[in-house]
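Asker: Structure here, sequence nowhere to be found:
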Ligand code: PHE
């Protein structure tokens with residue numbers, strides 16, 4: 001039943017490193033520390049962990065078991081078990097058409113048209129539409145993720161050549177602005193970054209993705225530990241640790257809780273077919289449950305370590321932490337300059353190298369989703385598929401490269417978007433990020449949960465998850481065996497089924513309504 005010549009991982013370690021490489025990215029290093037600090041520190045970490053356990057791990061398990069059972073790309077996986085199951089897609093399509101009609105009457109032409117078109121696609125393709133949507137959004141996300149990756153490349157060069165010795169954050173901000181506004185530099189670095197990721201995929205699952213991850217991820221971990229330890233040794237580090245981790249439940253708002261939910265989704269790279277694709281390269285004899293748990297633990301540890309590397313240093317330098325790109329590109333260089341003086345090129349270089357590694361391993365996973373889909377769906381060779389994805393994403397990335405701070409270079413497109421939707425966010429980059437992370441990812445996540453839980457069937461998925469757990473027998477004889485079976489098999493199994501059928505879809509739906517502004 002499985003397809004001929006499906007590539008497979010060489011080892012569980014390789015698989016875990018590749019999947020952790022995808023999960024560990026910008027979200028861990030700047031988003032998590034920052035939102036933690038703002039939302040009550042340790043209190044937020046607790047909520048985040050709860051979300052990772054109730055949403056993140058169940059959806060990851062669903063995606064991986066689906067991929068492994070189907071032994072196919074994300075589109076093929078959604079096609080595999082969907083026969084005669086078109087009620088749910090039809091319901092959504094019908095709902096969408098109704099909604100679109102209502103929007104037309106309210107003169108919301110742009111949104112109405114988009115929803116109507118999507119509904120028709122869902123009506124035509126059924127569940128497979130979810131597969132296409134995952135593969136496409138992976139490539140679109142890559143088009144701007146690569147831009148940030150390219151900037152890290154520029155900053156490594158700047159760091160090592162001593163150009164990051166800023167006196168204050170304003171000076172640093174100016175340098176960043178100049179780089180971001182330089183369309184030529186930004187787009188060439190973006191394409192270089194894409195080429196690096198694509199060249200890894202060129203060499204296949206084992207020879208490319210797995211090999212690169214097995215080298216890069218341990219390196220990233222070592223760099224992170226060095227930076228965190230050094231940061232914690234600084235005088236005045238305590239204030240940073242306090243900002244980051246001291247639990248303050250009074251700062252925890254509904255908004256914060258929902259933000260934690262959305263973040264658990266993004267940081268584990270769910271909803272874009274990555275876990276499906278990587279899961280499909282798993283041989284039948286590997287235990288998925290333990291790998292997924294290890295991946296989530298690694299992802300969370302890196303996020304915590306990142307906070308411990310960043311905040312103690314920022315506070316020790318007497319700076320205040322900022323948000324988003326500002327924290328990375330402006331505040332940290334000044335922080336390292338203040339603390340390490342003539343050693344700062346080294347620390348800056350190390351930090352941006354770490355960021356670059358995190359971005360590359362995430363980028364690779366995004367390319368791989370597209371490559372595996374093109375290979376399977378169009379029956380073309382891996383090399384052709386890599387080139388095709390590279391060209392497509394590069395072309396698309398130019399739009400973000402020339403419009404990352406404002407719409408200045410794409411005012412025509414901005415006018416169209418404003419005409420159709422009423423507003424257009426601050427730049428093309430911002431718009432794409434918003435559409436992807438607020439709309440498409442949660443909807444895809446919901447689709448995976450319903451598809452695996454209700455269409456393919458939670459029972460079958462459980463069997464796939466435990467396919468090779470034969471060491472833990474259900475009919476156990478000795479007392480220890482009985483306990484082992486209960487703890488390692490029955491309890492997690494029942495919990496997962498309950499979550500994937502009921503809890504997770506509801507929580508994902510709430511996240512979706514929140515991120516799209518329904519609650520505000
Ligand atoms: N999981 C990554 C992070 O935490 C983000 C990411 C999103 C990676 C999409 C790949 C694809 O930063």
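Answerer: Yep, that arrived. Bear in mind that the values here come from a model prediction, so they are computed numbers and not experimental data. Numbering: from 1, shown residues only.
Asker: What strand or helix carries the nearest residue to residue 425 once chain neighbours are set aside?
Answerer: Excluding the flanking residues, the one nearest residue 425 by Cβ to Cβ, 6 or more residues apart in numbering is residue 431, at 4.3 Å. (Each C-beta comes from the backbone N, C-alpha and C, glycine too.) According to DSSP states H and E, residue 431 maps onto helix 428-434.
Asker: just checking, what packs against that helix?
Answerer: helix 128-160, helix 382-402 (3 or more Cβ pairs under 8 Å, 6 or more residues apart in numbering; DSSP states H and E).
Asker: and the longest one, how far from the chain's centre?
Answerer: Which is helix 128-160. Relative to its chain's centre, helix 128-160 lies at 10 Å (Cα atoms, centre = their mean, to the nearest Å).
Asker: Kindly report the residues of this protein close to the ligand.
Answerer: Residues of the chain found near the ligand (Cβ under 6 Å from any ligand atom) are 22-23, 25-28, 141, 266-267, 269, 272, 362, 365-366.
Asker: Check which element follows the helix or strand bottoming out on mean pLDDT in the chain along the chain.
Answerer: Between all helices and strands in the chain, the lowest mean by mean pLDDT, DSSP states H and E belongs to helix 324-325, at a mean of 64. Elements were assigned by DSSP H and E; along the chain past helix 324-325, the next helix or strand is helix 332-340.
Asker: quick one, helices of the stretch 151-300 of the chain?
Answerer: Using DSSP state H, counting those that start in this stretch, the helices of the stretch 151-300 of the chain run over 169-181, 183-202, 204, 211-232, 237-245, 254-267, 274-280, 288-316.
Asker: Please report the distance of residue 394 from residue 104.
Answerer: In this view, residue 394 and residue 104 are 36 Å apart by Cβ to Cβ, to the nearest Å.
Asker: Compare neighbour counts for the two and give me the winner.
Answerer: Using other Cβ atoms under 10 Å, the more surrounded residue of residue 394 and residue 104 is residue 394, with 19 against 15.
Asker: pretty sure the more buried one contacts residue 192?
Answerer: No: Residue 394 is beyond contact range of residue 192, at 10.1 Å (criterion: Cβ atoms under 8 Å).
Asker: would you turn the helices of the stretch 151-300 of the chain into JSON lines with mean pLDDT?
Answerer: As requested, the helices of the stretch 151-300 of the chain are arranged in JSON lines below (pLDDT from 0 to 100):
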{"stretch": "helix 169-181", "mean pLDDT": "90"}
{"stretch": "helix 183-202", "mean pLDDT": "96"}
{"stretch": "helix 204", "mean pLDDT": "96"}
{"stretch": "helix 211-232", "mean pLDDT": "95"}
{"stretch": "helix 237-245", "mean pLDDT": "90"}
{"stretch": "helix 254-267", "mean pLDDT": "84"}
{"stretch": "helix 274-280", "mean pLDDT": "97"}
{"stretch": "helix 288-316", "mean pLDDT": "92"}
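Asker: Reformat the ones you listed as CSV; add mean neighbour count.
Answerer: Converted to CSV, those look like this (neighbours: other Cβ atoms under 10 Å):
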stretch, mean neighbour count
helix 169-181, 16
helix 183-202, 20
helix 204, 18
helix 211-232, 18
helix 237-245, 19
helix 254-267, 21
helix 274-280, 29
helix 288-316, 23
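Asker: export these to JSON lines and tack on distance to residue 348?
Answerer: Shown next, in JSON lines, are these (distance: least, Cβ to Cβ, whole Å):
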{"stretch": "helix 169-181", "distance to residue 348": "11"}
{"stretch": "helix 183-202", "distance to residue 348": "17"}
{"stretch": "helix 204", "distance to residue 348": "35"}
{"stretch": "helix 211-232", "distance to residue 348": "11"}
{"stretch": "helix 237-245", "distance to residue 348": "18"}
{"stretch": "helix 254-267", "distance to residue 348": "25"}
{"stretch": "helix 274-280", "distance to residue 348": "30"}
{"stretch": "helix 288-316", "distance to residue 348": "12"}
